[in-house]
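Undergrad: Kindly generate the corresponding structure for this input.
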Amino acid sequence: MATLPKDFYKYPIPTHLTRHKSVGKVRRPLGDPIAEFKEMTRFEPISRPAPQQLKVPLDVFDPHASQAAVTAKELVFHTVGDVGGVNGTATEEAIAGAMEDQLASPGKAGTPAFLYLLGDVIYYNGEQGLYKTEFYEPYQYYRALIFAIPGNHDGDTHVRKGDPPDNEPSLFGFLENFCDTVPQHASPYRMSMTQPYPYWTLDAPFVTIIGLYSNVEGSLDARGRSDQQTYLEAQLNAADKSKKLLITVHHPPYSLDAAHGGTPDILNALDRAAAATGRTPDAILSGHVHNYQRFSRAMGGREIPYVVAGAGGYANEAKSLHRLQKGLTADKKTGKIKTTVPGVVLEKFNEVEPGFLRVTANAKQIGFEYFTVDFNPPHAVTLFDTFTA
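TA: From the prediction side, this is the model:
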């Protein structure tokens with residue numbers, strides 16, 4: 001079972017601060033993709049108990065799309081995180097428009113079957129009343145299903161200074177709109193979704209997608225509990241070995257941005273699950289950090305992609321995107337950036353433009369394409385990165 005390394009607490013508390021320890025965040029060393037481990041985290045319990053069945057086949061939601069993927073011998077879908085347009089929806093709508101164009105004119109790439117959101121659907125507290133403006137209207141022309149996992153802002157109940165009171169339980173809006181008991185008209189354009197729970201598994205042709213909920217501060221479970229950890233390990237054991245395997249989780253295990261960094265609780269949870277089950281995912285997809293980063297991690301003779309795709313619309317101008325640590329040096333030949341973690345390399349990044357992923361899974365491999373969308377009209381769409389797993 002993977003455990004935190006002995007030197008994980010990298011910075012000892014100075015002796016003159018032993019009584020009052022909370023005196024500021026320690027800046028990560030240059031190239032360190034993992035933030036400090038938090039001894040205490042703010043954890044918001046899910047108000048609804050987990051159902052027994054958390055795995056749902058795609059054909060339950062959309063039999064036509066599922067059969068079309070089987071016939072075409074590939075499944076295509078979109079994914080991106082951090083879309084909530086509380087600061088204005090122009091960028092969110094531009095990205096939605098670019099994905100709509102790929103639905104309408106897929107070409108050789110194949111028609112995407114759905115969009116999978118990587119959390120932070122609604123800012124700042126996932127309020128039910130904001131779904132109309134931040135979700136349903138921006139995606140009113142996206143003519144395919146939309147699945148999601150929650151992000152920290154979807155589950156947060158902390159009221160920022162100057163914000164209206166939040167009288168809803170944690171995840172109330174997410175549960176109403178993505179985990180409804182039966183599909184209902186949530187807007188004139190879309191029905192509510194019937195995912196079983198905030199963390200759940202989508203069993204699709206050619207790929208299994210295990211979606212996790214990393215709560216408000218980036219942990220699967222409250223300290224001393226292992227509910228979601230147990231679920232993750234059970235799903236890894238049960239996942240069809242003939243299919244590709246993706247894990248989605250809002251807080252990224254690795255990030256070289258200056259503000260957040262990777263989330264040690266999530267990294268450790270994934271490593272523990274892989275060690276316990278012997279099953280390693282083909283890729284890990286996250287949001288939370290508002291930019292694009294693609295890491296590779298050497299594991300068991302393979303290169304596992306760890307992807308951050310959190311530039312989905314909340315950051316509505318270039319200065320609102322998260323920048324990488326200052327002073328990082330890329331290899332002159334490859335453009336790659338080594339991190340302080342052995343075997344973990346930042347392969348590619350974009351910190352100046354929003355964008356989204358198109359994923360194609362078949363019996364042999366799973367391919368990824370990251371498209372950027374210019375902030376300014378006419379919102380030019382550019383293929384920025386491609387890779388396979």
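Undergrad: these two touch, right, residue 196 and residue 178?
TA: No. Using CB atoms under 8 Å, residue 196 makes no contact with residue 178, being 10.0 Å away. Bear in mind the C-beta positions are built from the backbone N, C-alpha and C, glycine included.
Undergrad: okay, those two: which has more neighbours?
TA: residue 178 (26 against 15; other CB atoms under 10 Å).
Undergrad: What distance do you get for the more buried one to residue 337?
TA: 35 Å (CB to CB, to the nearest Å).
Undergrad: all strands of the stretch 251-389 of the chain, in order?
TA: 283-286, 292-299, 302-309, 337-338, 344-350, 355-361, 366-373, 381-388 (DSSP state E, counting those that start in this stretch).
Undergrad: Pick the most deeply packed of those strands.
TA: strand 283-286 (a mean of 26; mean count of other CB atoms under 10 Å).
Undergrad: pLDDT of that one, averaged?
TA: Mean per-residue pLDDT for strand 283-286: 98.
Undergrad: For it, enumerate the helices and strands it packs against.
TA: Secondary-structure packing of strand 283-286 (3 or more CB pairs under 8 Å, 6 or more residues apart in numbering; DSSP states H and E): strand 244-248, strand 302-309.
Undergrad: who wins for proximity to residue 48 among these?
TA: strand 244-248 (20.1 Å; CB to CB).
Undergrad: which strands and helices sit next to that closest one?
TA: strand 207-211, strand 283-286.
Undergrad: could these be laid out in a markdown table, adding distance to residue 87?
TA: Putting the helices and strands packed on strand 244-248 into a markdown table (distance: least, CB to CB, whole Å) gives the following:
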| stretch | distance to residue 87 |
| --- | --- |
| strand 207-211 | 26 |
| strand 283-286 | 22 |
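Undergrad: ok, back up a step: turn the strands of the stretch 251-389 of the chain into CSV, columns for distance to residue 224.
TA: Output for the strands of the stretch 251-389 of the chain, formatted as CSV (distance: least, CB to CB, whole Å):
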stretch, distance to residue 224
strand 283-286, 25
strand 292-299, 29
strand 302-309, 27
strand 337-338, 36
strand 344-350, 29
strand 355-361, 35
strand 366-373, 36
strand 381-388, 38
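Undergrad: Which among those is found nearest to residue 41?
TA: Using CB to CB, the nearest of the strands of the stretch 251-389 of the chain to residue 41 is strand 283-286, at 17.2 Å.
Undergrad: How about residue 252: what's its closest non-neighbour residue?
TA: Spatial nearest neighbour of residue 252, chain neighbours left out: residue 286 (3.6 Å); criterion: CB to CB, 6 or more residues apart in numbering.
Undergrad: typo on my end, residue 250
TA: residue 119 is the one closest to residue 250 (CB to CB, 6+ apart), at 3.3 Å.
Undergrad: dump the residue contacts of that neighbour.
TA: 81-82, 148-154, 214, 250, 287-288 (CB atoms under 8 Å, 6 or more residues apart in numbering).
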